[in-house]
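A.B. asks: Turn this into a structure:
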Amino acid sequence: MLKNRAAIKSVAIYLRMTAKDKAAIEERAKERKMTVTEYLTRTGLARLTRQRADVDAIHQLRLCVEELKGIHRALQLLPTEAPMIDPATLEQTMQEICAAIQRIWRKGERG
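C.D. replies: Take a look at the predicted model:
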C-alpha cells in the first residue's frame, strides 16, 4: 500500500543549538525509545510523548505477558488428570509483578 504523498517526509529542518541542548534532546528521545526526529516532531506539534516510566512499565508488561505465555505452554503439556497449579502461586507472582511496575511508576514521577 502506498503512502499518501502528503505524508511522505521529504522536507528537512536544520537547527543550531549548543552541544548541551543537543545531548539533552538526544537523551530525552532515547528515554522514550524514539528517534530525535520523531521526538522533535511530536514535541514541536504538541503531541504526547511517553515518559521513561511509561516505557519501562510497558517493557515490564511485555515481560509479564511472555512469562504468562510460558506458564500457559507448560500447563498445556501436563496430562489432563494432573493436579492444577495452586492459585496462591500465581497470585504471589502477580503481586510481585504489580509491585515492580508500581516501583517503576514512582521512580518515573521523581525523575
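A.B. asks: most remote residue from the protein's center?
C.D. replies: Checked against the mean C-alpha position of the chain, the extreme residue using Cα atoms, centre = their mean is Glu81, at a distance of 39.3 Å.
A.B. asks: Which residue ranges of this structure form strands?
C.D. replies: Secondary structure of the chain by DSSP state E: no strands are present.
A.B. asks: Which segments of this protein make up each domain?
C.D. replies: The record's domain split for the chain, according to automatic domain parsing, is 13-44, 52-110.
A.B. asks: Just send the ones you listed back as a markdown table, with mean pLDDT and distance to Ala7 too.
C.D. replies: C-beta coordinates here come from the backbone N, C-alpha and C atoms, glycine included. Putting these into a markdown table (pLDDT from 0 to 100; distance: least, Cβ to Cβ, whole Å) gives the following:
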| stretch | mean pLDDT | distance to Ala7 |
| --- | --- | --- |
| domain 13-44 | 91 | 12 |
| domain 52-110 | 74 | 25 |
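A.B. asks: Ile25 contacts Val36, doesn't it?
C.D. replies: Yes. At 6.2 Å, Ile25 and Val36 qualify as touching, with contact defined as Cβ atoms under 8 Å.
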